[in-house]
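*Asks:* After the sequence you'll find the predicted model.
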Amino acid sequence: MKQLLIRRLIQSIPTLIGASILVFLVFTLAPGDFVTQMSADANMTQERLDEIRALHGLDQPLYKQYLTWMGNLLTGNFGESVLHRQPVTSVINTFMWNSFLIAIIVLVLQWIIASIVGIMAALRQYSIYDSAVTLIVFMAMSFPSFFLGLLMLKFFAVDYQIFPLGGMRSTGSTLTGWADFWDVMKHLALPVIVLTLLNIGSLTRYFRTNMLEVIRQDYVRTARAKGLKERVVIFKHALRNALLPLITLFALEIPGLFSGAIITERIFNWPGIGRVVLDGIFQRDYPLLMGFTMLLVVLTIVANILADLMYGVADPRVRNR
Amino acid sequence: MSSTLVEFRNLKTYFYTEAGVVQAVNDVSFSIRAGETVCIVGESGCGKSITAMSLMRLIASPPGKIVGGEILFEGRDLLKIKESEMRMIRGNEIAMIFQEPMTSLNPVLTVGDQIMEPLIEHTLLSKSEARKKAIQLIEQVGIPRADQIIDSYPHELSGGMRQRIMIAISLSCDPKLLIADEPTTALDVTIQAQILDLLRQLKKDRNMSLMLITHDLGVVAEMADYVVVMYAGKVIEEGPVKEIFKNPRHPYTKGLLLAKPVIGQRKERLFTIPGQVPNPIGLGENCHYSDRCEHAMDICRASQPALQKDGADSKVACWLYEGEGAK
């Protein structure tokens, strides 16, 4: 296991370098930079613009720019966000955890609900329950997030006023401790519901499909032929095998925990990283975008390694390889 | 004569598919006596396995359904008892091993775990006692280093070993009847012989009955006391093994025996029965074999012959012998 971990870490170095080059090129070769933005200002002279470019090293050849950027990254310096006038790391750190809070709750809810609904649907294939689940799931999946979000806002925030309209805390809130927690939870509710509804569909289908496939396997028949209780047959023999392919899916959701939900955060005015990144794109805040993208790259690679390790734990056929 | 252990009476198991109703097992009756090996013979799709699965009540429903008949096990009709009672019989009094040892074991559980499961379910053994018993069982089915094998996973074992593990699982609760559904079909020939020897030995030691499903007449000759030949969901001939081999009555049985390769005899071509197994959907009222039968008469195409006594212990369903038994 330890060997596998070390090997996978070493293997990920070239991936990381490749990805960093790609990220760097995409952003630097894109037409315009934040200085272009400034040139819209009538008071700006060409000399001043060149000066600013030189100050940020934008007049250097590409490879030099890359090496400088990469060198800084390695020392933990992600550069300074043009938009926020703060180090990129501190911008990300401020907003990412807000997004993480929503994402982790959605993740937990989504997996619990999808597993129960999906497995039940599989065990009662083609029943009324199964058809109803399929219908509802597809409906929830096919709603665009902005539509569902606005719909929720209209019902629960405007018409019935159960939940607040947006934001993370009540305006001018000075609450502390549990009262503050409760306030945040109330603001969380709608975005969490929307994101869970949107994401639950595909996962439910995965659970159902995997379970259906496993339940037809010979070893499930063997388990039944041994006279085991149906509960044991389903949860010990079938479910463990049905979960194996879902490990990858689960691991790949990990970077998503940190990436924010751009549209939903915008609708609910949630101070998350998704919104900040979107603003960054409009303002050509490349240091922020590059830093954030690199962070996701690292998280994705880590998540992949984690998936491998989890497979090793869960599937004896992978363990000894 | 020893007592009857299992008796199938007019068993009918149908599958309701989109294309139509498949009469997979249609009015099958025969019995298995205590300590006897009964071989069920027939081509693929003739209802052998479904008969066995019906006995275990493991027919997937839908699409399958046991629509009629009785299966008496020690006088009790298994089709009428509750599922929970049936569960107590499965793996305990009736055990089953399957054709595919490669896929019949759960890949994520150790073989020891899988052998211990029925022990813990059906007996009062504690976990450590069950483990000891599992090691004994692994030894009994002829696997060396049982104390190491018990902790290995199925993918670490060969096909033959896996089938031995399946046998160990099935024997764990000392069943009265062991159903073996083509237990050697997926194995290579030398392993086949070993597994059959093992089954025969275990059957003798434990005095259990064996219901052996096969399409290999070589296996039948070696193992069977009594043979039931099935065709298109029906029993067409049954009798003691010697009778079947020496004096087959039904043209289909004769055909099967002719089609069997004989060691030392090289023929240009093996004998084949002309034609194909009929489509199992919408079988008519005729004798299902009449299309392929060289002796087919008008009556064969019009109605089905009943399974009738012919000779001391044999029964045959064929118009050729109709009325003979009465003589």
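*Replies:* Looks like it arrived, so ask away.
*Asks:* how far away is the residue nearest to the spatial centre of chain A from A:W270?
*Replies:* The C-alpha lying nearest the average C-alpha coordinate of chain A belongs to A:G256 (CA atoms, centre = their mean; 1.2 Å). Counting by CB to CB, to the nearest Å, the gap from A:G256 to A:W270 is 16 Å. No exception for glycine: its C-beta is placed from N, CA and C like everyone else's.
*Asks:* Model confidence at the closest residue in space to the residue nearest to the centre of chain A that isn't next to it in sequence, what's the number?
*Replies:* Nearest non-adjacent residue to A:G256, counting by CB to CB, 6 or more residues apart in numbering or on different chains: A:A103, 6.5 Å away. pLDDT, A:A103: 92.
*Asks:* Three-state assignment for B:I40, please.
*Replies:* The local conformation at B:I40, judged by DSSP: H, G, I helix; E, B strand; the rest coil, is strand.
*Asks:* number of nearby residues for it?
*Replies:* 29 (other CB atoms under 10 Å in any protein chain shown).
*Asks:* Same question for B:M223.
*Replies:* The number of residues packed near B:M223 is 22, by other CB under 10 Å.
*Asks:* repeat for B:A302
*Replies:* 13.
*Asks:* For burial, what's the neighbour tally of residue 269?
*Replies:* No chain in the question, so chain A it is. Counted with other CB under 10 Å, A:N269 comes out at 15.
*Asks:* Oops, wrong one, chain B.
*Replies:* With other CB under 10 Å as criterion, B:R269 counts 5.
*Asks:* Check B:D291 too.
*Replies:* Counted with other CB under 10 Å, residues neighbouring B:D291 total 15.
*Asks:* That one is in contact with B:I273, isn't it?
*Replies:* No. Assessed by CB atoms under 8 Å, B:D291 is found out of contact with B:I273, at 10.8 Å.
*Asks:* Closest to the centroid, which residue in chain B?
*Replies:* Here the mean C-alpha position of chain B is nearest to the C-alpha of B:I213 (CA atoms, centre = their mean), at a distance of 2.8 Å.
*Asks:* thought that residue was touching B:L178?
*Replies:* No. Counting by CB under 8 Å, B:I213 does not reach B:L178; the two are 11.4 Å apart.
*Asks:* Give me the contacts around the longest helix along chain B.
*Replies:* Counting by DSSP state H, the longest helix found in chain B is helix B:189-206. Applying CB atoms under 8 Å, 6 or more residues apart in numbering or on different chains, the contact partners of helix B:189-206 are B:37, B:140-142, B:159-160, B:163-164, B:167, B:171, B:174, B:178, B:180, B:183-184, B:187, B:208-210, B:212, B:219, B:222-223.
*Asks:* Report the next helix or strand after that helix in sequence order.
*Replies:* As assigned by DSSP states H and E, the chain's next helix or strand after helix B:189-206 is strand B:209-214.
*Asks:* From the contact counts, what lies against that next one?
*Replies:* strand B:4-17, strand B:20-33, strand B:37-41, helix B:48-56, strand B:177-181, helix B:189-206, helix B:217-223 (3 or more CB pairs under 8 Å, 6 or more residues apart in numbering or on different chains; DSSP states H and E).
*Asks:* on that earlier part again, now for the residue nearest to A:G256, how many residues are close by?
*Replies:* 27.
*Asks:* Figure out the helix or strand that it lives in.
*Replies:* Secondary structure from DSSP H and E places A:A103 in helix A:88-123.
*Asks:* Any regions of the stretch 201-327 of chain B where pLDDT drops low?
*Replies:* Applying pLDDT under 70 to the stretch 201-327 of chain B flags the ranges B:323-327.
*Asks:* mind listing the helices in it by residue range?
*Replies:* Counting by DSSP state H, counting those that start in this stretch, the stretch 201-327 of chain B has helices at residues B:217-223, B:241-246, B:251-259, B:298-302.
*Asks:* Make CSV from the ones you listed and add distance to chain A to it.
*Replies:* What follows is those, written out as CSV (distance: least, CB to the nearest CB, whole Å):
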stretch, distance to chain A
helix B:217-223, 21
helix B:241-246, 27
helix B:251-259, 28
helix B:298-302, 38
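*Asks:* now these as CSV including distance to B:I120?
*Replies:* Putting the helices of the stretch 201-327 of chain B into CSV (distance: least, CB to CB, whole Å) gives the following:
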stretch, distance to B:I120
helix B:217-223, 31
helix B:241-246, 38
helix B:251-259, 43
helix B:298-302, 54
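*Asks:* Figure out which of those helices is closest to A:F146.
*Replies:* helix B:217-223 (67.5 Å; CB to CB).
*Asks:* Of all the residues in the closest one, which ones are buried?
*Replies:* B:L217, B:G218, B:V219, B:V220, B:A221, B:M223 (16 or more other CB atoms under 10 Å in any protein chain shown).
*Asks:* Farthest pair within those residues?
*Replies:* Across the buried residues of helix B:217-223 (CB to CB), the longest gap, 10.8 Å, separates B:L217 and B:M223.
*Asks:* residues near the residue lying closest to A:I92 once chain neighbours are set aside, how many?
*Replies:* Excluding the flanking residues, the one nearest A:I92 by CB to CB, 6+ apart is A:F292, at 6.0 Å. Per other CB under 10 Å, the neighbour tally for A:F292 reads 26.
*Asks:* And B:T190, by the same measure?
*Replies:* By the criterion of other CB under 10 Å, B:T190 has 9 neighbours.
*Asks:* before we move on, back to that, what strand or helix carries the residue nearest to A:I92?
*Replies:* Assessed by DSSP H and E, A:F292 sits inside helix A:286-314.
*Asks:* now that helix and helix A:88-123, what's the angle there?
*Replies:* 40 degrees (axes from the mean of the first three to the mean of the last three CA atoms, to 10 degrees).
*Asks:* how about helix A:286-314: buried residues?
*Replies:* Those would be A:286-312, A:314, for helix A:286-314 by 16+ other CB under 10 Å.
*Asks:* cool, stretch A:134-151 as well?
*Replies:* Buried-residue list, stretch A:134-151, by 16+ other CB under 10 Å: A:T134, A:V137, A:A140, A:S145, A:L148, A:G149.
*Asks:* how far does it stretch from start to finish?
*Replies:* Taking CA to CA, to the nearest Å, the first and last residues of stretch A:134-151 lie 22 Å apart.
*Asks:* what's the answer for stretch B:281-299, then?
*Replies:* Start-to-end span of stretch B:281-299 (CA to CA) is 22 Å.
*Asks:* and it, which residues are buried?
*Replies:* By neighbour count on 16+ other CB under 10 Å, the buried set for stretch B:281-299 is B:L283, B:N286, B:C287, B:H288, B:Y289, B:S290, B:R292, B:C293, B:A296.
*Asks:* From the rest of the structure, what touches that stretch?
*Replies:* Residues from elsewhere that reach stretch B:281-299, judged by CB under 8 Å, 6+ apart: B:17, B:19-23, B:26, B:231-234, B:236, B:250-252, B:255, B:273-276, B:278, B:300-305, B:317-320.
*Asks:* same check, this time on stretch A:26-43
*Replies:* By CB under 8 Å, 6+ apart, stretch A:26-43 touches A:44, A:49, A:52-53, A:56, A:58, A:62, A:65, A:82, A:283-286, A:289-290, A:293.
*Asks:* same deal with stretch B:120-129?
*Replies:* A:K226, A:G227, A:L228, A:K229, B:M88, B:G91, B:N92, B:M116, B:L119, B:A130, B:K133, B:C173.
*Asks:* same question, stretch A:220-230
*Replies:* Taking CB under 8 Å, 6+ apart as the rule, stretch A:220-230 contacts A:214, A:232-233, A:236-238, B:56, B:58, B:87-92, B:95-96, B:98, B:104-106, B:114, B:117-118, B:121-122, B:166, B:169.
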